[in-house]
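Visitor: everything below, folded, please.
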Amino acid sequence: MNTTNYNTTASIMHLSTFSQYIFPLGNFVFPIVIWSSTKDKSAYVDQQGKEVINFQLSIFIYQVLLAAVAIPILAVTILKNLEINTAIHDNELFIRSIEAQEITGVVIAAIIAIVFIIMLQFFEFLMTIYAAVKTSNGENFSYPLAIKFLK
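Guide: Coordinates of the predicted model:
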């Protein structure tokens with residue numbers, strides 16, 4: 001393959017991460033399949049494949065850590081306001097309204113963690129498009145915030 005084909009392959013590899021919106025874990029599976037099938041033919045494709053996988057793993061880890069903070073805090077806050085007697089005796093599930101006094105700094109931290117999860121997803125979307133454009137032009141691209149798992 002010539003250089004243009006390698007650029008296209010690298011660009012498609014970056015764009016294949018959007019398959020996560022259709023297939024669970026597609027953002028890992030499809031880039032790995034493309035990378036493993038072409039990494040021996042081009043050092044450029046090999047390097048970009050590692051960048052894609054490192055970035056996807058990094059974003060996944062960041063989001064899991066943020067969710068590990070947010071979900072338990074919000075679950076405790078909601079369960080604290082659940083009236084169990086009403087649920088048991090009247091077969092109704094009723095959640096008291098959460099009052100402003102009950103919103104503590106910990107709950108605000110959980111809300112901020114959720115906002116960061118959303119921002120990371122948006123950041124991933126934008127950076128993937130940017131990476132695809134850069135690699136289609138043959139430029140080396142390195143994702144910010146990516147942990148170098150594969151070197």
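Visitor: on the three-state scheme, Ala75 is what?
Guide: helix (DSSP: H, G, I helix; E, B strand; the rest coil).
Visitor: name the next helix or strand downstream of the helix or strand of the chain with the lowest mean pLDDT, please.
Guide: Using mean pLDDT, DSSP states H and E, the weakest-scoring helix or strand in the chain turns out to be helix 84-89, at a mean of 56. Next along the chain after helix 84-89, taking DSSP states H and E as the criterion, comes helix 105-136.
Visitor: tell me the buried residues in that next one?
Guide: 107, 110, 113-114, 116-117, 120, 123-124, 127-128, 131-132, 134-136 (16 or more other CB atoms under 10 Å). Any C-beta I mention is one placed from the backbone N, CA and C, and that applies to glycine too.
Visitor: what's near enough to touch Pro31?
Guide: Pro31 makes contact with Met13, His14, Ser16, Thr17, Gly49, Val52, Ile53, Gln56, according to CB atoms under 8 Å, 6 or more residues apart in numbering.
Visitor: what about it, which SS state?
Guide: Bear in mind the rule, three-state DSSP; under it Pro31 is helix.
Visitor: and it, what pLDDT?
Guide: pLDDT for Pro31: 95.
Visitor: ok, and the closest non-adjacent residue to it?
Guide: Leaving aside its chain neighbours, Pro31 sits nearest to Val52 (4.6 Å; criterion: CB to CB, 6 or more residues apart in numbering).
Visitor: whatever helix or strand Val45 lives in vs helix 105-136, what angle?
Guide: Applying DSSP H and E as the criterion places Val45 in helix 43-80. Angle, helix 43-80 to helix 105-136, by axes from the mean of the first three to the mean of the last three CA atoms, to 10 degrees: 160 degrees.
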